[in-house]
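Chemist: Pasting the sequence and the predicted coordinates here, then a few questions.
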Amino acid sequence: MMKNKKYRFYVSLCHGWCDGTISVYAIDEDTAYNRAIDEVNKRLCSAFPELSIDFNVEQVESEDE
């Protein structure tokens, strides 16, 4: 059985990078990327339901933890 690993991502809003990171747990990088995108989308929609905000995530260099 594969163990979940912690992945960290930088977040950009409106083509500018934010301070800090978002962390998710997943079995691989692709799943982690999708979870990070979903989480940022959920938070933005909750905070600003009427706005359409361009965003992206980029994985921080991985660290074995």
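Modeler: That came in fine, so what should we check first?
Chemist: Mind giving me the packing neighbours of the helix or strand containing residue 45?
Modeler: Residue 45 belongs to helix 29-47 when assigned by DSSP states H and E. Secondary-structure packing of helix 29-47 (3 or more CB pairs under 8 Å, 6 or more residues apart in numbering; DSSP states H and E): strand 5-13, strand 22-26, strand 55-59. C-beta here means a position set from N, CA and C on the backbone, and glycine is covered the same way.
Chemist: Next, format those strands as TSV and append distance to residue 34, mean pLDDT and mean neighbour count.
Modeler: Listed next are these as TSV, based on distance: least, CB to CB, whole Å; pLDDT from 0 to 100; neighbours: other CB atoms under 10 Å:
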stretch	distance to residue 34	mean pLDDT	mean neighbour count
strand 5-13	11	96	17
strand 22-26	8	96	16
strand 55-59	10	96	15
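Chemist: need the ones you listed in TSV with distance to residue 36, can you?
Modeler: As requested, the helices and strands packed on helix 29-47 are exported to TSV (distance: least, CB to CB, whole Å):
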stretch	distance to residue 36
strand 5-13	4
strand 22-26	5
strand 55-59	5
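Chemist: between these, which one is nearest to residue 38?
Modeler: Residue 38 sits nearest to strand 22-26 of all these, at 8.9 Å, using CB to CB.
Chemist: send the alpha carbons of that closest one over as PDB?
Modeler: Taking Å, rounded to 0.1, in the frame of the first residue of the first chain, the C-alpha atoms of strand 22-26 are listed here in PDB:
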ATOM      1  CA  ILE A  22      -0.500  25.500   0.500                       C
ATOM      2  CA  SER A  23       0.100  21.800   1.500                       C
ATOM      3  CA  VAL A  24      -1.800  18.700   0.600                       C
ATOM      4  CA  TYR A  25      -1.300  15.000   1.200                       C
ATOM      5  CA  ALA A  26      -1.500  12.600  -1.700                       C
END
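Chemist: residues making contact with that strand?
Modeler: 4-9, 11, 32, 35-36, 39-40, 57 (CB atoms under 8 Å, 6 or more residues apart in numbering).
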